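Colleague: please find the sequence and the predicted model below.
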Number of protein chains: 2
Amino acid sequence: MADFKLTINNLLDSAVRANGDQKIIYKNLQLTYNSFYKNVKNFAANLVKIGVKPGDRIAVIDYDTINYMYCYYSIPMIGAVIHMVNIRYPPEILYYTIKNSEDTYIVVNSDFMPLLMQFKNMFEFIKGFIVYSEHGHENYQLDNVYYADDLLKDTDYNITPPDENDMATLFYTSGTTGLPKGVYYNHRQLVLHSMATAEGLSDDPILLNKTSILLPLVPMFHVHAWGMPYFAIMKGLKYVLPGKYEWDRIVETMEKEHVTNSAMVPSILYLLLQAKRGPEVLGKLKLKSVIGGAALNEGLARSAESIGMSLVTGYGMSETCPILTLASYTNDILPLSEEIKEKYRRKTGVPVPMVNLRVVYQGKDVAKDDTEIGEIIVQAPWLTAGYLKDPEKTAKLWIDGWLHTGDLATMDKYGYIKIVDRESDAVKSGGEFIPSMVLEDLISTVPGVGEVAVTKKSDEKWGERPVAFIKGTATVEAIKEHMQQFVDTGRIAKFWLPDDYIFVDDFEKTGTGKINKVVLRKKLE
Amino acid sequence: MADFKLTINNLLDSAVRANGDQKIIYKNLQLTYNSFYKNVKNFAANLVKIGVKPGDRIAVIDYDTINYMYCYYSIPMIGAVIHMVNIRYPPEILYYTIKNSEDTYIVVNSDFMPLLMQFKNMFEFIKGFIVYSEHGHENYQLDNVYYADDLLKDTDYNITPPDENDMATLFYTSGTTGLPKGVYYNHRQLVLHSMATAEGLSDDPILLNKTSILLPLVPMFHVHAWGMPYFAIMKGLKYVLPGKYEWDRIVETMEKEHVTNSAMVPSILYLLLQAKRGPEVLGKLKLKSVIGGAALNEGLARSAESIGMSLVTGYGMSETCPILTLASYTNDILPLSEEIKEKYRRKTGVPVPMVNLRVVYQGKDVAKDDTEIGEIIVQAPWLTAGYLKDPEKTAKLWIDGWLHTGDLATMDKYGYIKIVDRESDAVKSGGEFIPSMVLEDLISTVPGVGEVAVTKKSDEKWGERPVAFIKGTATVEAIKEHMQQFVDTGRIAKFWLPDDYIFVDDFEKTGTGKINKVVLRKKLE
């Protein structure tokens, strides 16, 4: 019996055989799966030729290009590990992750070479730089530079495939405090995650299927772009790469390629809707998108859905590959009114198959009453085994066989969870949690409110009290009036009302584009 | 790190936690997943109490009842193996499979007890009979009889879970010649098969999703009922068990429970459409169904689709768990005319994710021209490791790491395969294959043709020549006239035309309801 292992090699081999003429599109390049596979094999074999060994870790610093796509496959396929480097990190942190990961080679988009060359001496441990350029070769005065297009040249592909339990990917997750932590995944986890994601996204209203055309807007350095570069190929989809995030061009590409599906964080949805022809094209395409990474506030959701988009919230984290839940419809929700369904699509959702998820407070599952707040803990076959070289933080992540997400949530009668806070952001006032994300969501519906973040200040009497930071043109009076209405109608408790509303010109963001609440809390000290 | 293994235990545990209030329906019984799980755990723990050990093989002889559903889960969950016995086998063969499998216990529907008691002495190696009855307990004058309902009584569930590589299921596949062969699957294979099936069925036009309501019409003794008892629960679907196959009652149940999806072989579709309110109810429900097990002929497909049903062909075999392909739409097919799409839905289809499928003739992949004929060979993570205690037949099944299906097929330009014959049924005339299933399909469109089977006789000049056997009211002249038209329009070659058309009153069927071509060939000797 042949044991057909759960490897990226087998995923790609079976997918190409089944869908050889399907397309992968990057700018003017239209690659069939067959041509893509040929390039991946050449890239892989040439990596071995220049000296890459199984177990080597290879950093990739790039936008969402076809080159990144080759790396997603070819590096794991030779038993090496692809380290997806967060290109939004400041140089010091970017360097730290490459050093911590002990990378031996770096595949780098030529746009980032000046940055690396500035710190050339610090990268002496790197055996080779593989430069991907869309503007021809440049001489970097280094004798260990290779060019990515040379690695696509025909050569014999004669690779010993890795085991499904071999590490395949590695990347860093930036907490809001401290240095980033490395998380890692093996082949088996990536394949299982792909199967579960494809299945989860097939639910109503996303209804992803073999005829869907996908242009993901989750950066490829960020949690496997939520797994899309793997599951889209596994499923045989037409796949469109966005390249560098230039909104007007991306909107044009979406129109040209008849894109049906995407996935993105709320701030990218916001930017897309600001693009020149954004609302027109997205509406015409009736674009369906998963929204994750941060809560989708009601205001933004309404403007997207009013032009004909379908949105569904997804939830996961760097430590979970990422997918855990999707806010798709079950047959409890399907018959409900459009208004209620809209609320359900913005919940954190229900677990995808093979995710064992609990919401726990002091060791007990919370009641399914939409009120009790507990921490989300999970088991699934695709969670990171721990933090790289950090047994101490790993021991806090994995307790009694459950991965502790640090996210606080409620559960309703239909089993839908809704995240109300990160544990570290939670406001505990008089012994009770005040869910900052619920407040943020409500404040976001006030006309003239752009971005909003609710955090906490210490309080002698109550322990902690909520404070709202706001960017926009609204007035404090208007916001207070709105919030009072939510108290009057019983939607929120009176003691949840923020003590202060503070206007800012701009928010400081983390490496993954989230508002940095640590900075805000510091302001309140 | 907790390694969340791919076991039936973890599949059920995570599914129940996520969908505890979802329903499983059997006759008047409406069980929530929570209650079902409680019963499964009691059944499992009580099996251990009466003496079942990990590794034990337990035969189940039952219709598609709730009792069978308990067995599907509880037996593998204690590390034992469920042997799904084909209740359509004649007693001698049924006995052979139980003996060959070395079963230690038998779970049996009381309807089958008289049969077993007739051969009581032959079952002395059985440690216990667990009788499931819907009409109260009967005294069988045996001291090792237990009652299934007693096994549902509350007890402590304290089970050491099996490993994902432990054998979980076992059943026999009846070739048309020789004794049945045992095939077997471990937990991991069942879980992966569930994930792939759920994903495959989500494609257009089946579009299975969390709001689908499933009543499968594939017997639970037959290839895991195509995996439905596992994947439906994993996905959190409302699941309706058909019980004994009584068509009028099943149609009423479908109506009452608002069933949206089913799966069945063509002969069952035929019987459903003959049921009293069959066409009315199936049309009203717009029932979507996978059709597999045998080719769906054009005539039957048209009558089902004319009332509003959606059909898609699926392909697999006992040796493959079963799923391999589905004839869903890719984005090549979606824009084509309804007429062409109908043809595509009746092809054998395209591989589901993680199925590596080739069509090979003399070691080479056939051209994608819909004409060259080769054998389907496959790799996938859920194929049987071999035939139980039969290294010789196993060696013919697995050659060079590929499972050889023995099915002959063509492949078209879009990668859709179409089975044209079993290798053993193939007619090779003058060195060329004549695809018997293509002829059967065309003959089936002649008014007055009920069932049809094309087989072969030896021929001095050509080696073999095709002969058609027909049940129905058509005349030979009418059939010949029709077939000549297909030759005239170039749809088939002239030398494909059967030499003889022989009318029969009825066909002899195999244990799985297929026409037994071996018997027909013997008639021609």
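Modeller: Perfect, thanks for sending it. Numbering: from 1, shown residues only, chains lettered A, B, ... in the order given.
Colleague: partner strands of the least confident helix or strand in chain A by mean pLDDT, with direction?
Modeller: The helix or strand of chain A with the poorest confidence is strand A:432-434; it has a mean of 79 (mean pLDDT, DSSP states H and E). Strand A:432-434 has these partner strands in its sheet, going by DSSP bridges: strand A:427-429 (antiparallel).
Colleague: from chain B, how far out is the nearest residue to residue A:120 once chain neighbours are set aside?
Modeller: Nearest residue to residue A:120, sequence neighbours excluded (C-beta to C-beta, 6 or more residues apart in numbering or on different chains): residue A:142, at 7.5 Å. In this view, the C-beta of every residue, glycine as well, is placed from N, C-alpha and C. Distance from residue A:142 to chain B, counting by C-beta to the nearest C-beta, to the nearest Å: 40 Å.
Colleague: quick check on residue A:142: phi, psi?
Modeller: phi -130, psi 140 (degrees, to the nearest 10).
Colleague: and what of the one 10 residues further on?
Modeller: Phi and psi for residue A:152, reported as degrees, to the nearest 10, are phi -90, psi 0.
Colleague: ok, back up a step: pull the CA atoms of whichever helix or strand comes after the least confident helix or strand of chain A into CSV?
Modeller: Going down the chain from strand A:432-434, the next helix or strand is helix A:436-444, by DSSP states H and E. What follows is helix A:436-444, C-alpha atoms only, in CSV (Å, rounded to 0.1, in the frame of the first residue of the first chain):
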residue,chain,number,x,y,z
SER,A,436,-14.3,46.8,25.0
MET,A,437,-15.1,45.4,21.5
VAL,A,438,-18.8,45.8,22.1
LEU,A,439,-18.3,49.4,23.0
GLU,A,440,-16.1,50.0,20.0
ASP,A,441,-18.7,48.5,17.8
LEU,A,442,-21.4,50.7,19.1
ILE,A,443,-19.3,53.9,19.0
SER,A,444,-18.4,53.1,15.4
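Colleague: the residue nearest to residue A:120 touches residue A:129, doesn't it?
Modeller: Yes - using C-beta atoms under 8 Å, residue A:142 makes contact with residue A:129 at a distance of 6.7 Å.
Colleague: those two: who's more crowded?
Modeller: residue A:129 (22 against 15; other C-beta atoms under 10 Å in any protein chain shown).
Colleague: what is whichever strand or helix holds that one packed up against?
Modeller: Taking DSSP H and E as the definition, one finds residue A:129 inside strand A:128-132. Counting contacts by 3 or more C-beta pairs under 8 Å, 6 or more residues apart in numbering or on different chains; DSSP states H and E, strand A:128-132 packs against strand A:105-109, helix A:113-118, strand A:145-147.
Colleague: where along the stretch 301-450 of chain A do the helices fall?
Modeller: In the stretch 301-450 of chain A, the helices defined using DSSP state H, counting those that start in this stretch lie at A:338-345, A:391-397, A:436-444.
Colleague: quick one: which of those helices is nearest chain B?
Modeller: Checking the helices of the stretch 301-450 of chain A against chain B by C-beta to the nearest C-beta gives helix A:391-397 as the closest, at 7.8 Å.
Colleague: run through the residues of the stretch 301-450 of chain A sitting next to chain B.
Modeller: Contact residues, the stretch 301-450 of chain A versus chain B (C-beta under 8 Å from any C-beta of the partner chain): A:328-332, A:334, A:350-351, A:353-358, A:379-381, A:383-386, A:394, A:398, A:401-403, A:414-415.
Colleague: what comes into contact with stretch A:332-342?
Modeller: If you take C-beta atoms under 8 Å, 6 or more residues apart in numbering or on different chains as the criterion, stretch A:332-342 is touched by A:204, A:301, A:305, A:329, A:344, A:414, B:21, B:211.
Colleague: could you report the neighbour count for the third one?
Modeller: Right, residue A:305. Residues lying near residue A:305 (other C-beta under 10 Å) number 14.
Colleague: list the contacts of stretch A:155-166.
Modeller: A:5-7, A:9-10, A:41-42, A:44-46, A:48-49, A:54, A:76-79, A:168, A:186-188, A:191.
Colleague: mind listing which of those are in helices?
Modeller: Among those, DSSP state H puts A:9-10, A:41-42, A:44-46, A:48-49, A:76-77, A:187-188, A:191 in helices.
Colleague: okay, the residue of chain A found nearest chain B: pLDDT?
Modeller: With C-beta to the nearest C-beta as the measure, residue A:202 is the residue of chain A nearest to chain B, at 3.2 Å. What the model reports as pLDDT for residue A:202 is 96.
Colleague: same check on residue A:368?
Modeller: 96.
Colleague: that one against residue A:415, yeah?
Modeller: Yes - Residue A:368 lies in contact with residue A:415 (C-beta under 8 Å); the separation is 6.6 Å.
Colleague: mind checking how far the least confident helix or strand of chain A is from the chain centre?
Modeller: Chain-centre distance of strand A:432-434: 28 Å, with C-alpha atoms, centre = their mean, to the nearest Å.
Colleague: how about that strand: buried residues?
Modeller: Using 16 or more other C-beta atoms under 10 Å in any protein chain shown as the burial criterion, the residues of strand A:432-434 that qualify are A:433, A:434.
Colleague: hmm, back to that, strands paired with the strand holding residue A:129, and their directions?
Modeller: strand A:105-109 (parallel), strand A:145-147 (parallel).
Colleague: could you give the mean pLDDT of that strand?
Modeller: What strand A:128-132 shows for mean pLDDT is 98.
Colleague: which residues touch it?
Modeller: A:50-51, A:62, A:65, A:67, A:104-110, A:113, A:116, A:137-138, A:140, A:142, A:144-149, A:151.
Colleague: per-residue pLDDT, residue A:519?
Modeller: The model reports residue A:519 with a pLDDT of 86.
Colleague: typo on my end, it should be residue A:177
Modeller: Residue A:177 is given a pLDDT of 58.
Colleague: same thing with residue A:392?
Modeller: 94.
Colleague: before we move on, what about residue A:264?
Modeller: You'll see residue A:264 listed with a pLDDT of 95.
Colleague: can you flag the buried ones in the residues of the stretch 301-450 of chain A next to chain B?
Modeller: Using 16+ other C-beta under 10 Å, the buried members of those are A:328-332, A:350-351, A:353-358, A:379-381, A:383-386, A:394, A:398, A:402-403, A:414-415.
Colleague: narrow the residues you listed to those in strands?
Modeller: A:350, A:351, A:356, A:357, A:358, A:379, A:398, A:402, A:403 (DSSP state E).
Colleague: returning to what we had before: lowest average pLDDT across the helices and strands packed on strand A:128-132?
Modeller: Minimum mean pLDDT among these: helix A:113-118, a mean of 92.
Colleague: and residue A:477, what are its phi and psi?
Modeller: phi -60, psi -50.
Colleague: neighbours of it, how many?
Modeller: Neighbours around residue A:477, by other C-beta under 10 Å: 9.
Colleague: likewise residue A:78?
Modeller: Neighbourhood size, residue A:78 [other C-beta under 10 Å]: 22.
Colleague: and the residue lying closest to it once chain neighbours are set aside, what is it in contact with?
Modeller: Nearest residue to residue A:78, sequence neighbours excluded (C-beta to C-beta, 6+ apart): residue A:44, at 5.0 Å. By C-beta under 8 Å, 6+ apart, the contact set of residue A:44 is A:73, A:74, A:75, A:77, A:78, A:157, A:159.
Colleague: how much space separates residue A:44 from residue A:76?
Modeller: Going from residue A:44 to residue A:76 by C-beta to C-beta, to the nearest Å gives 9 Å.
Colleague: host element of residue A:125?
Modeller: With DSSP H and E as criterion, residue A:125 is part of no helix or strand.
Colleague: near chain B, which residues of the stretch 101-250 of chain A? Just list them.
Modeller: A:191-192, A:194-196, A:198-199, A:202-204, A:207-211, A:213, A:234-236, A:238.
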